Every structure is written in C-alpha cells, then in structure tokens.
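In: Any chance you could fold what I've pasted below:
(chains A and B)
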Protein chains: 2
Amino acid sequence: MQRVCFLLRVRRERLAEYRERHADVWPEMREALRASGWRNYSLFCRDDGLLVGYLETDDFAAARAAMERTGVNARWQAEMAPFFEGPPGRPDERMVPLAEVFHLD
Amino acid sequence: MQRVCFLLRVRRERLAEYRERHADVWPEMREALRASGWRNYSLFCRDDGLLVGYLETDDFAAARAAMERTGVNARWQAEMAPFFEGPPGRPDERMVPLAEVFHLD
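Out: A predicted model of the protein is given here:
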C-alpha cells in the first residue's frame, strides 16, 4: 500500500469557490476515484491557497492511469483547471508525490 | 475521527539529517505517540524543506495534550527544534491544522 502526498496551489481569490465545489463533488467523480483505487483521499488547504492532497492506494501510477481512462475525470479536471495557479493545464497532471520520511501505523 | 494535516518548514541544509533521524525515531517516542492516540501518522517532505504531517486521531487537542505530558516528547522536540526554520521554539507547538476541503473514504 502506498501513502501519497502532493501539493498544488489554488488561486487565492478563487479559494472560497474551490472549497464550495469540493463540498459537492459529482457522485460520478467520487465513484470513479473509488473504482480507480483512490482510498482515504483528502484535500486540505491553507488560507493562502496551498493545497495538500493525501491518499492511500495500491499503486499510484495505476490509480492515476485508471482515472485518465474515465470521461468524468477529463470533465472535472477541465472545470477545476482555472482554479489553479501556474500555466494552463490539468491539475491532476501536476500531482508530484512528496517523499515520505516517517510513518507510524 | 479527525484527519489532521499540518505544515512545517525544515531548514534545507539540514533536511538530509532530518530524514535520517526520522528513519530511526526512538521506539519510546513511537510508543508515546501511539498511546496518545496519534494514528496513521506520516511526515512527507519536499526538497525545499516544506514538511507535511498527516495523522488520524479521535481528538487532536487531546492527542497533543497527552504527548505534552510525556517526558520523551520534550526530549524529542528539543532535539528536533534546531532543524526547523523560524524563531526558536518547539516544532510541535507550531502544528496548525489546515482546513479539510474534501474527503473520500
């Protein structure tokens, strides 16, 4: 089992709206994540827009690839893209895992 | 159950040593965390020293207070303090939880 942590940056001026959208993620998107092996997946944000993702999965590369194959993910990522800082692009392609330095079950 | 995520900043020039220390946390410290209700606790770091903590607990305030009452935590935090950026102080007192914006079991 892999524990994955990644960081993204939401535009500060759109953070409130980003939070609203994430209180109401499409059921089809939630189901696609689950079916693709994303478990215990949380997003946390700091007031300046720094976003932390944490999830558990058997194989992150496989879990990402499985999401890539769903239509709902492309639609969701297209709607989320304008919320993020940086050059245009899909936010899910910028999920670079950090190094795990400690773990206690 | 609470999911807690916090951020700290390790001095970049001491990051390698910080990682080494965390590959070999004292068994007494691990046991104190466990007994204090810190579960599924991970630390992740980015190359620039940004550190992400994630844990699950019934009550973070109570879990912190329980650690405060252990002697081993004071010893551990004193040894860790010089690794962190910012004014002198105990790193565990700077663990400010971020807001959770999304969760999928």
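In: Restricting to C-alpha, output the helix or strand A:M67 falls within in CSV.
Out: In the assignment (DSSP states H and E), A:M67 maps to helix A:60-68. This file holds the C-alpha atoms of helix A:60-68, laid out as CSV (Å, rounded to 0.1, in the frame of the first residue of the first chain):
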residue,chain,number,x,y,z
PHE,A,60,-0.4,5.5,-7.6
ALA,A,61,0.7,5.2,-11.2
ALA,A,62,-2.0,2.7,-11.8
ALA,A,63,-4.6,4.7,-9.9
ARG,A,64,-3.8,7.8,-12.0
ALA,A,65,-3.9,5.8,-15.2
ALA,A,66,-7.3,4.4,-14.3
MET,A,67,-8.7,7.9,-13.7
GLU,A,68,-7.2,9.0,-17.0
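In: Let me know how buried A:P91 is, in neighbour terms.
Out: Other residues lying near A:P91 total 19 when counted by other C-beta atoms under 10 Å in any protein chain shown. (Glycine included, C-beta is placed from N, CA and C.)
In: go on, the one 4 residues further on?
Out: By other C-beta under 10 Å, the residues close to A:M95 number 16.
In: ok now do the closest residue to it other than its chain neighbours, which residues does it touch?
Out: Leaving aside its chain neighbours, A:M95 sits nearest to A:F6 (4.1 Å; criterion: C-beta to C-beta, 6 or more residues apart in numbering or on different chains). Residues near A:F6 by C-beta atoms under 8 Å, 6 or more residues apart in numbering or on different chains: A:V52, A:G53, A:R94, A:M95, A:V96, A:P97, A:L98.
In: Beta-bridge partners for A:C5, please?
Out: For A:C5, the beta-bridge partners are A:Y54 (DSSP bridges).
In: Quick check: it touching B:R46?
Out: No: look at A:C5 against B:R46 with C-beta atoms under 8 Å: they stay out of range, at 9.4 Å.
In: These two - which one has more neighbours?
Out: Under the neighbour definition other C-beta under 10 Å, A:C5 and B:R46 were set side by side, and A:C5 has more, 23 against 18.
In: residues in contact with the more buried one?
Out: A:C5 touches A:V52, A:G53, A:Y54, A:P97, A:L98, A:E100, B:S42, B:F44, B:V52, B:Y54, counting by C-beta under 8 Å, 6+ apart.
In: Now tabulate these in a markdown table and tack on distance to A:P87.
Out: Formatted as a markdown table, the contacts of A:C5 follow (distance: C-beta to C-beta, whole Å):
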| residue | distance to A:P87 |
| --- | --- |
| A:V52 | 21 |
| A:G53 | 20 |
| A:Y54 | 25 |
| A:P97 | 21 |
| A:L98 | 21 |
| A:E100 | 28 |
| B:S42 | 30 |
| B:F44 | 25 |
| B:V52 | 24 |
| B:Y54 | 28 |
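In: No further queries at this time; thank you.
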